[in-house]
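Asker: need a 3D model of the sequence below.
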Amino acid sequence: MARIRNVFEIIELYGHDENFEPQCTPEFIPTAAPAGSKQKIDILADRIQRGMPLWHPEDSTESSALVGAGAED
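Answerer: Numbering: from 1, shown residues only. Now for the predicted structure:
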């Protein structure tokens, strides 16, 4: 059987994600991207596609830069 690369493939195969174990590779590093930013969303999407955990324990949870940018509009 081929290696399952991400959660989407295991859902397609089994109909659920209960058997999926994300892989922590050297590329799984924290991000300083503000919570809710396009950059953060892109990083999370990339992690999912690569079979990594969604959240890194050292990811920034700060959103003040994002809020401050929206306040000026």
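Asker: tell me which helix or strand in the protein has the weakest average pLDDT.
Answerer: helix 64-71 (a mean of 55; mean pLDDT, DSSP states H and E).
Asker: below-threshold pLDDT in this structure: ranges please.
Answerer: 1-2, 64-73 (pLDDT under 70).
Asker: quick one: buried residues of the longest helix belonging to it?
Answerer: Ranked by residue count under DSSP state H, the longest helix found in the chain is helix 38-49. Buried residues in helix 38-49, counted by 16 or more other CB atoms under 10 Å: 40, 43-44, 47. For glycine as for every other residue, the C-beta is placed from the backbone atoms N, C-alpha and C.
Asker: now those residues as JSON lines including distance to Asn19?
Answerer: Putting those into JSON lines (distance: CB to CB, whole Å) gives the following:
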{"residue": "Lys40", "distance to Asn19": "28"}
{"residue": "Ile43", "distance to Asn19": "25"}
{"residue": "Leu44", "distance to Asn19": "22"}
{"residue": "Arg47", "distance to Asn19": "19"}
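Asker: what two of those are the furthest from one another?
Answerer: Lys40 and Arg47 (10.6 Å; CB to CB).
Asker: ok so, going back, which of the buried residues of helix 38-49 lies closest to Thr31?
Answerer: Nearest to Thr31 out of the buried residues of helix 38-49 is Ile43 (CB to CB; 5.0 Å).
Asker: how many neighbours does the nearest residue to the closest one once chain neighbours are set aside have?
Answerer: Excluding the flanking residues, the one nearest Ile43 by CB to CB, 6 or more residues apart in numbering is Thr31, at 5.0 Å. Residues lying near Thr31 (other CB atoms under 10 Å) number 16.
Asker: now Glu12
Answerer: When neighbours are counted by other CB under 10 Å, Glu12 registers 9.
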